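Visitor: no sequence on this one, just coordinates:
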C-alpha cells in the first residue's frame, strides 16, 4: 500500500542510540511502498538551522541553558515553516531526526529548565503541529557512550557526562509514558530489526488512518 496523505514521524533518543541510522533505513524502506519521503533533522533541517546547528553542536561561546533552548526553538520554527509544512502539504512522509521532545529531554530534564515553558514555546514554534508517530530508540547510557567513543569528533552534547545522559533517559521515559503515538524500540537490536519494526508500525498506522477515513465517509453519508 501507499500512504496517500502527508505523515510526520519523529525519531527520538539519546546521542548514540541509532537515530540517524533509523532515519536513513526507514526512508529507504518506505520508498519501496511508493511513498514520497522527506528526511530532515533538528537542528539543521532548514537554511537557518544549518547555521544554528554549528553554534549549538560546537558552542564556540558558552551558552546558558535558556539561550541554548531558544536557539533550538528558533531552528524549530524555521524548520516547520520552511521544510515540514510544505512537505506535508505535498503528501510526503516526513521523517525528522529529533523534534520538540528532544528539547523537553535535553533542556528540560537535562538542564533543569521549566518544562511547561518549553512545551508552550514548542507548540508556538511548531504552529500546533505534532508528529503523527514518534519512535523512541531506547538504549542504556553505557552502550551509547561506547558507540560515541568510535566517532572521530563529538558535539558538545555527545561530550556530556553519564549523569547528564541518565537524566535524559529518565526524561524521555517520563515524556513518553502516557503518549499513545509513541513506539519504543530496543536500540540494541540490529538496524535491520529496528527498521522492520518501525516500518510495520508506520504501515499499521497508515492502514488505521485509512479505515478511520472510510468509516467517517460512511457515517457522513448517513
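Guide: All right, it came through fine. Remember, predicted model here, so these are calculated numbers, not experimental data.
Visitor: what comes up buried for the longest helix along the chain?
Guide: Identified as the longest helix of the chain according to DSSP state H is helix 191-220. By 16 or more other C-beta atoms under 10 Å, the buried positions in helix 191-220 come out as 194, 195, 197, 198, 199, 201, 202, 203, 205, 206. Yep, even glycine has a C-beta here, placed from its N, CA and C like the rest.
Visitor: Stretch 110-121 too?
Guide: For stretch 110-121, by 16+ other C-beta under 10 Å, it's 110, 111, 113, 115, 118, 121.
Visitor: which ones are touching the closest residue to residue 45 other than its chain neighbours?
Guide: Distances taken as C-beta to C-beta, 6 or more residues apart in numbering place residue 79 nearest to residue 45, at 4.6 Å, with adjacent residues excluded. Residue 79 makes contact with 40, 42, 43, 45, 46, 49, 96, according to C-beta atoms under 8 Å, 6 or more residues apart in numbering.
Visitor: Just the ones in helices from those residues, please.
Guide: Counting by DSSP H, the contacts of residue 79 contribute residue 49 to helices.
Visitor: can the contacts of residue 79 go into TSV with extra columns for neighbour count?
Guide: Listed next are the contacts of residue 79 as TSV, based on neighbours: other C-beta atoms under 10 Å:
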residue	neighbour count
40	20
42	25
43	24
45	26
46	24
49	25
96	26
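Visitor: The contacts of residue 79 into a markdown table, with extra columns for distance to residue 188 and pLDDT?
Guide: Listed next are these as a markdown table, based on distance: C-beta to C-beta, whole Å; pLDDT from 0 to 100:
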| residue | distance to residue 188 | pLDDT |
| --- | --- | --- |
| 40 | 26 | 98 |
| 42 | 25 | 96 |
| 43 | 27 | 93 |
| 45 | 28 | 94 |
| 46 | 32 | 95 |
| 49 | 30 | 93 |
| 96 | 23 | 98 |
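Visitor: Residue 170: which of the contacts of residue 79 is nearest?
Guide: Residue 170 lies nearest to residue 42 out of these, by C-beta to C-beta, at 21.4 Å.
Visitor: which SSE is residue 74 in?
Guide: Counting by DSSP states H and E, the element that carries residue 74 is helix 65-79.
Visitor: Sorry, slip of the keys, the one I care about is residue 38.
Guide: Going by DSSP H and E, residue 38 is in strand 37-41.
Visitor: again, but for residue 135
Guide: strand 133-138.
Visitor: Does anything pack onto that strand? Which helices or strands?
Guide: Judged by 3 or more C-beta pairs under 8 Å, 6 or more residues apart in numbering; DSSP states H and E, the packing partners of strand 133-138 are strand 7-12, helix 19-31, helix 162-175, strand 182-186, helix 191-220.
Visitor: strands paired with it, and their directions?
Guide: Strand pairing for strand 133-138, determined by DSSP bridges: strand 7-12 (parallel), strand 182-186 (parallel).
Visitor: With mean neighbour count, distance to residue 91 and mean pLDDT as new columns, can these be given to me in TSV?
Guide: Compiled in TSV, the strands paired with strand 133-138 are given as follows (neighbours: other C-beta atoms under 10 Å; distance: least, C-beta to C-beta, whole Å; pLDDT from 0 to 100):
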stretch	mean neighbour count	distance to residue 91	mean pLDDT
strand 7-12	25	9	97
strand 182-186	17	22	96
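Visitor: Go through those and name the closest to residue 151.
Guide: Evaluated over the strands paired with strand 133-138, closeness to residue 151 peaks at strand 7-12, with 18.4 Å, by C-beta to C-beta.
Visitor: For the closest one, which outside residues touch it?
Guide: Against strand 7-12 from outside (C-beta under 8 Å, 6+ apart): 19, 22-23, 26, 84, 88, 93-102, 105, 129-137, 172, 202, 205-206.
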